[in-house]
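Participant: sharing a model that was predicted from the sequence below.
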Amino acid sequence: MLDAAFDERRPRTREYLAVMRSLWCDEVSRHEGEYYSLPPCRMQPKPVQRPHPPLYFGGESDAALRRVAELGDGWHGFNHLPDSAAASVQRLEQALAAAGRKRGEVDVTIGAYLQPVEPMHLPAYVDAGVDQLVLTAFGFDPHGISDEVARLGDAFVGPAASL
């Protein structure tokens with residue numbers, strides 16, 4: 001979508017998703033649209049996920065949440081603690097309802113990024129409607145990263161498994 005006019009991004013996105021879905025799902029794929037042209041062709045191997053790989057979208061704007069509601073299998077929220085995650089999940093639920101879908105049809109992943117997440121926050125993330133929480137591990141070298149991932153695993157996996 002780089003260098004595309006802002007008002008063309010939505011139809012371009014929908015059209016390239018249609019091309020990808022055809023390639024993933026149809027024995028003979030083809031597409032003729034305003035932005036993309038795909039002559040009849042075959043793509044193999046097909047993805048193992050059926051009917052196609054899940055489509056996750058990020059973004060916090062109303063337009064991004066509508067995109068998830070209309071086209072997505074998952075939403076990736078960014079830099080949330082439980083309270084702000086809950087507010088965004090509520091907005092997503094409203095967009096899903098407007099699109100005729102239910103919350104259970106979309107996976108919610110939150111990347112906490114720089115938020116001060118502690119294991120005690122996990123039940124609140126679940127209550128907020130979060131299905132997966134992504135934690136960030138920082139380190140200055142491979143050993144430091146390995147140690148941080150181990151520390152996060154020790155701190156979070158046990159409490160998460162008990163939810």
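Facilitator: Yep, it's here. Residues are numbered from 1 along each chain as shown.
Participant: would you agree Ile110 is in contact with Gly129?
Facilitator: No. Between Ile110 and Gly129 there is no contact under CB atoms under 8 Å: 9.5 Å. For the C-beta atoms, the positions are set from N, CA and C on the backbone; glycine is no exception.
Participant: between these two, which is the more surrounded one?
Facilitator: Ile110 (28 against 18; other CB atoms under 10 Å).
Participant: secondary structure class of the more buried one, three-state.
Facilitator: For Ile110, the secondary structure call by DSSP: H, G, I helix; E, B strand; the rest coil comes out as strand.
Participant: so what touches the lengthiest helix in the chain?
Facilitator: Secondary structure assigned by DSSP state H gives helix 142-161 as the longest helix of the chain. For helix 142-161, the external contacting residues (CB atoms under 8 Å, 6 or more residues apart in numbering) are 119-120, 122, 133, 135, 137-139.
Participant: which of these has the most neighbours?
Facilitator: Ranking the contacts of helix 142-161 using other CB under 10 Å puts Leu133 first, with 20 neighbours.
Participant: am I right that that residue is in a strand?
Facilitator: Yes. Residue state for Leu133 (three-state DSSP) corresponds to a strand.
Participant: strands of the chain, start to end?
Facilitator: For the chain, applying DSSP state E gives strands covering 29-32, 37-41, 56-58, 74-78, 107-111, 132-134.
Participant: kindly reformat those as CSV containing mean pLDDT and distance to Leu23.
Facilitator: Converted to CSV, those look like this (pLDDT from 0 to 100; distance: least, CB to CB, whole Å):
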stretch, mean pLDDT, distance to Leu23
strand 29-32, 95, 5
strand 37-41, 96, 8
strand 56-58, 95, 18
strand 74-78, 97, 20
strand 107-111, 97, 23
strand 132-134, 96, 27
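Participant: dump these into JSON lines; add distance to Pro159 as well.
Facilitator: Formatted as JSON lines, the strands of the chain follow (distance: least, CB to CB, whole Å):
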{"stretch": "strand 29-32", "distance to Pro159": "46"}
{"stretch": "strand 37-41", "distance to Pro159": "48"}
{"stretch": "strand 56-58", "distance to Pro159": "25"}
{"stretch": "strand 74-78", "distance to Pro159": "21"}
{"stretch": "strand 107-111", "distance to Pro159": "16"}
{"stretch": "strand 132-134", "distance to Pro159": "11"}
